[in-house]
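**Q** no sequence on this one, just coordinates:
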């Protein structure tokens, strides 16, 4: 009977630890070059999508969804 009680407590503690780990604050971004500043980026260019599928019989409209998501 006491083994089940310990098992329940252990499962609850592990669950709480996973919950706390998932809510932990992450570290700020690490940049390799100290002189790199994200503010210095003026424009980002989105290159066209490349279709490298073997079977190209099915139409795949890749360009428009990518551009819509990038515009958000």
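**A** Great, that's in hand. What you see is a predicted model; the values in this text were computed from it and never measured.
**Q** can you map out the strands along this protein?
**A** Read by DSSP state E, the chain holds no strands at all.
**Q** quick one: contacts for the nearest residue to residue 63 once chain neighbours are set aside?
**A** Leaving aside its sequence neighbours, residue 63 sits nearest to residue 49 (C-beta to C-beta, 6 or more residues apart in numbering; 5.3 Å). C-beta coordinates here come from the backbone N, C-alpha and C atoms, glycine included. Remark: with contacts taken as C-beta atoms under 8 Å, 6 or more residues apart in numbering, residue 49 is in contact with 62, 63, 66.
**Q** Mind pulling the model confidence for residue 29?
**A** Residue 29 carries a pLDDT value of 66.
**Q** Could you save the contacts of residue 49 as TSV and add columns showing pLDDT, neighbour count and distance to residue 12?
**A** What follows is those, written out as TSV (pLDDT from 0 to 100; neighbours: other C-beta atoms under 10 Å; distance: C-beta to C-beta, whole Å):
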residue	pLDDT	neighbour count	distance to residue 12
62	73	12	47
63	76	12	50
66	73	14	44
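**Q** Narrow those residues to those in helices?
**A** In helices, judged by DSSP state H, the following of these are found: 63, 66.
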